[in-house]
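1. Show me the folded form of this:
(3 chains)
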Amino acid sequence: MIYCPKCGTANREGSRFCNECGSPLPSGTGLRCPMCGEMNPIGSVYCNKCNARLVPLTTPQPPTPPGEKPAGPAGPPPVRGLSLPTIPSPEKKPPVPEIPTGEGEGEDWLAALRATAEELKAEGIEEEAPPPAAEVEPLEIPDWLAELRAAPPEEAPAPPFEVPPVEEERAVPDWLAELEAAPPEEAPAPPFEVPPAEERAVPDWLAELEAAPSEEAPAPPFEVPPVEEERAVPEWLAELEAAPPSEEGGPPVPPFAQEEIAGETPPKAPVFISEEGLAVEEGTMPEWLAELAPGEVEQAPAAAPPFPLTEPLAAPPAVEGLVPAEIPKWLEGMRPSAKREAPPEEPVETRGVLEGLRGTLPASRAVEMPEGAAPSLPAAPSAASIARAELLQELLSRPPAPARPLAKEQRRDIGWVVQRAVVALLLILSIVAPIAVPIPLFSVPSSPAADRFFNAVQQNVGPDEPVLVAFEYSPAEADEMERVAEPVLRHLLGQGARLIIVSTRPEGPALAERLLARLRPEARQVANLGYQPGQTAGVQGLLAGLDRRSDLRTGLPAAQVAAMEGVHTVADVAMVVVLAAQPDELRAWVEQVTLAYPDLPLVAGISARVEPLAAPYLDPGAGQLRGTVAGLAGAAAYEAHLGAGGRAGFYLNSLGLAQLTVVGLMLVGAAIFLVGGRR
Amino acid sequence: MTTADLVGTVVGVALTLLILSYMIGDNPLYRLALYLLTGAAVGYGVALAVVALFQQVILPLLQGGTAERYGLLVPIVLGLLLLFKGFPRWAPWGNLSTALLIGVGAAVAVAGALLGTVLPQSVASGSLADWLRGGAAGLINSLLIAVGTICALLAFAFTVPRQRALQRLWRGTAGAAGVIGRLFLASAFGAAFAAALTASLSILIGRIYTLIEGVQRLLQMRGG
Amino acid sequence: MDRLTKRTLPTAVAVAAGLLTLIGYLIPYPVLAFARDQLIRWAVIVAAFAFVLGFFNVLEVHLRRITRRRPGGFYSAVLILSALVTLGITLVGSFSAPLRPLNDWWFDYILYPLQASAAGLIAFTLALAAFRLLRGRRGGEAFLFLLGATLVLLGSLPLPGVAGAQLAALREWWLTVPSMAGMRGLLIGVGLGTLLIGLRVIAGLDRPHSEP
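-> From the prediction side, this is the model:
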């Protein structure tokens, strides 16, 4: 438990923010870097911040072969081992580094081990502990030492397995991330298929969710591949809050990311949106901002010692493997002997031992330093090296973090609540009012892009011609996207086209069926080929192998379905229609189709959000998109072409009024802040 | 309206309200709905992944020809290796699978970015002849686009020449271009911000309309 | 685990797979194209496995949170329950036609409202952000940002009349000239970044796959 210094709430071990009041928590026991003063999780080999070595290269070898270790197959030893942590001697001897098997053991392992001890206790140690002790020990220790020297970077607590192809796309956003405003493009395509790393991170997100009071919360859910983004936002935010000054101070980036930062970060990225923490600090987390987050996170988890990583990884087996090895011989020797033989069944004892040991540490520096404070309070005057001097200089050259007086903070909070209430009320009113007073306020917009879409369909799609339709949206965006997709599909079906439906989103196929249930096409006109995992690679996989899939509606192999007659790859279709709710998906489809079949007509029904990004592809000079229907406005324009009134027009008054409201808010806000200064 | 629809409408309205209650402030009910949402999204995603595996692995194994079956051996083995990632001791074996994912993913992304965006977009601004065709307005617009694109790209310029003399020159030109480029970027971001707002407003509108319809339906049920 | 399995082999796999796939795109030769398609097909299957693995990880993490009685355990229980029920219903519905309606019900009345409402909330947070847009920033960029946002919002659904039509035309111009120039620069920049990083992976210089 960590007790919040501000409100006294007990928070779970490893928390970085208080569950109750959201203020940063002391980080618990840590290992202070001799070079820069950064608090690192115990067990780190390199400083997270300046990359200085925390563990001397000359780690003494165990005097005796590991096999003879006292930690024999008897139950207790491993647990005793648990209680023997941290810095063994006053002269800055390093803590026991972790064993590589620990995988991303970024956590304060004391905490982890303590927990384990409890767990073991709960499970009956006798059963669990002994075998691994016998089994692992002889092997692991030397291995570990070797590993330590050979390939230290591996120890870096980087998320294991992030980064599939998207990584590339996401990585880019990284440097753009600072723009924050940089909207869609960078929106990191959701990673390949939510690889485990991402999911592992979830807990983090959830944890943060509780900690971080609020506003970021809403952003997560809709980013579709559920987990990935969800984790992203809060963690990223947390990262920002936790270590604002150190952000670019050369954090912990893994070699990979480092490269990126060194190489790509635009030195003067336009930060006009973020510089004041508009979104972050106030908690208003625009979605596009949220989308950037994953990119940011890409380096974040690697950067900070994210305990969450450990959580999933330090599964019991790992711990079992770890336990004995945590006590190398040389350490074993230093261990205060008798007392510790106490029966391990008492968790209290474990704890007591810890406390006792802690007293022997070169105390003040290593314990309970608030994480955020570490870099900016370069307390220990010990080894002030060049690296550190540079760092300090860098820190000093940056504007100091505004330390706001508490009273002001509270006053602002009231203002904040009022702002929230007013904005919510205005929004809802402007949406509901047109229902009560149904007067058409807005004329049907004209949309050249929608006209081009319409013409492209007329020209390219004849009766019985196959059209590939990609449903790249999820329920989160469906309220808008269905309005866009409906007139488009109605037009295609009216032309007599055969629709071949695919999606790289899990919910895509179901949403397609939902929409088709309203349009009632003939059975032979539609084949729903279902969901394809793999993101960008998935798109390419779809394009190349349509006939390898099976039809969801009939359960038959695609080759036997009427709508698929003569269609093997996307080269056999008359046109590709992408219904994309997110910029990245549009980009992935445009790129992959252009790449493989440059002459294939490609049109897109898109969310209004994607419209600015679609413009360069839509530009006749590039000619990569033959037309787009963007948002409710585009859909209304398209419906006007079709003649029949549709559902999109139904919403126009509400949308128009809400937009006016927002413009009003924006201008009033601008006036207030221009006149009133920074407040 | 069937009973199922009735219950569904009630549930749907309730869940919508739980989430929208966030407008008033963060609260436990909103939290609850959020976790419900996350769980459902994760569960749905994995279910569909399993279905996809069934269709792309199990079915071909059962029905496919010999060659196809052997061809599937590799991804199956790699997929199973990937599951080793769940056990820290064996996790490194999963790196093989990750490596395939990343290698292929990188290649697809590189090819797509190069042939799908960088090349076509670089030549999209057209030639001077194209510009002149549009008359004075067309010329100005085309010029603006060309200059804006180049400057915006330079705003991201990340390398600096080694030589001192060149450095100064570079800072002067690229720096100035970067300033202009950032103006264009700001224009684009403003548009993107508005676009994101429009999209989310559309969704909110859809929600509120659905909410009202749901309540109306329930009231009708009670009345009729 | 030794270096070979941990690092060397994966790097070899990544480099080989990446090179083969890339060459398959760049050189039009049937065998290469076949190899490329096969590799992509494999990757996509492995990606599905990754999803499954990720799911178990989520379960594990939240289960632990419950068993250790950490704060938020209740929410974790909700999450797990919701995930398992959804998984079960969706799987059953996918393989058994008679149970499909249950699947549809769950999708329409649980999944859909939750996701859509959460997305709708963004409008609220963005509107708040809009109000505070100029807070503490001035200058040309802020002005252009504000101008662009205003134009795009006002022009998308024109009020009737001449002014409305002019606004719509202005919006169109904004989206196709200044905004598009910025976007195009951004797209090319992103593309170049992707190229750079992707090529580093394919060349074996970056090994994201071998990080622990």
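
2. any residue of the biggest helix by length in chain A up close to chain C?
-> Counting residues, the longest helix found in chain A (DSSP state H) is helix A:406-436. Yes - using CB under 8 Å from any CB of the partner chain, helix A:406-436 reaches chain C at A:419-420, A:423-424, A:426-427. Backbone N, C-alpha and C define where each C-beta goes, glycine included.

3. list the buried ones in that helix?
-> Neighbour-count burial for helix A:406-436 flags A:416, A:419-420, A:423-424, A:426-428, A:430-432, A:434 (criterion: 16 or more other CB atoms under 10 Å in any protein chain shown).

4. JSON lines for these, including pLDDT?
-> Compiled in JSON lines, those are given as follows (pLDDT from 0 to 100):
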{"residue": "A:Trp416", "pLDDT": "78"}
{"residue": "A:Gln419", "pLDDT": "82"}
{"residue": "A:Arg420", "pLDDT": "86"}
{"residue": "A:Val423", "pLDDT": "90"}
{"residue": "A:Ala424", "pLDDT": "91"}
{"residue": "A:Leu426", "pLDDT": "93"}
{"residue": "A:Leu427", "pLDDT": "92"}
{"residue": "A:Ile428", "pLDDT": "92"}
{"residue": "A:Ser430", "pLDDT": "92"}
{"residue": "A:Ile431", "pLDDT": "91"}
{"residue": "A:Val432", "pLDDT": "90"}
{"residue": "A:Pro434", "pLDDT": "85"}
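
5. Let me know whether C:Val58 touches B:Ala41 as I believe.
-> No - counting by CB atoms under 8 Å, C:Val58 does not reach B:Ala41; the two are 10.6 Å apart.

6. Give me the below-cutoff pLDDT ranges for chain C.
-> For chain C, the stretches with pLDDT under 70 are C:1-2, C:136-138, C:211-212.

7. Tell me if stretch A:520-534 is near chain C.
-> Yes - using CB under 8 Å from any CB, stretch A:520-534 reaches chain C at A:532-534.

8. what's A:Asn547 in contact with, if anything?
-> For the record, residue A:547 is Asp, not Asn. Contact analysis of A:Asp547 by CB atoms under 8 Å, 6 or more residues apart in numbering or on different chains lists A:558-559, A:564, A:567-569.

9. Wasn't A:Gly530 part of a helix?
-> No - using DSSP: H, G, I helix; E, B strand; the rest coil, the assignment for A:Gly530 is strand, not a helix.

10. Confirm for me that it is in contact with A:Arg505.
-> No - counting by CB under 8 Å, A:Gly530 does not reach A:Arg505; the two are 11.0 Å apart.

11. neighbour count winner among those two?
-> A:Arg505 (29 against 25; other CB atoms under 10 Å in any protein chain shown).

12. Grab the nearest non-local neighbour of A:Pro440.
-> A:Asn653 (6.7 Å; CB to CB, 6 or more residues apart in numbering or on different chains).

13. which of the buried residues of helix A:406-436 are close to chain B?
-> Among the buried residues of helix A:406-436, the residues within reach of chain B (CB under 8 Å from any CB) are A:420, A:424, A:427-428, A:431-432.

14. which of those lies closest to chain B?
-> Using CB to the nearest CB, A:Ala424 comes nearest to chain B of those, at 4.2 Å.

15. The residue nearest to that closest one when sequence neighbours are not counted: what's it in contact with?
-> Leaving out its chain neighbours, the residue that sits closest to A:Ala424 by CB to CB, 6+ apart is B:Met23, at 4.2 Å. By CB under 8 Å, 6+ apart, the contact list for B:Met23 reads A:420, A:424, C:121, C:124.

16. From B:Ala111, how far out is B:Met23?
-> To B:Ala111, B:Met23 is 45 Å away according to CB to CB, to the nearest Å.

17. Pull the number of nearby residues for the closest residue to chain C within the stretch 301-450 of chain A.
-> Residue of the stretch 301-450 of chain A nearest chain C, by CB to the nearest CB: A:Phe442 (4.4 Å). If you count neighbours by other CB under 10 Å, A:Phe442 ends up with 22.

18. Kindly provide the distance from it to chain B.
-> Using CB to the nearest CB, to the nearest Å, A:Phe442 is found at 13 Å from chain B.

19. before we move on, what about A:Ser607?
-> Separation of A:Ser607 from chain B (CB to the nearest CB): 5 Å.

20. what do you get for C:Phe51?
-> Here the criterion is CB to the nearest CB. By it, C:Phe51 lies 4 Å from chain B.

21. which secondary structure element contains that residue?
-> C:Phe51 is located in helix C:30-67, with elements delineated by DSSP states H and E.

22. list the helices and strands that helix packs on?
-> Packing partners of helix C:30-67 (3 or more CB pairs under 8 Å, 6 or more residues apart in numbering or on different chains; DSSP states H and E): helix A:196-211, helix A:307-313, helix A:535-544, helix B:28-53, helix B:66-83, helix B:91-111, helix C:9-26, helix C:73-95.
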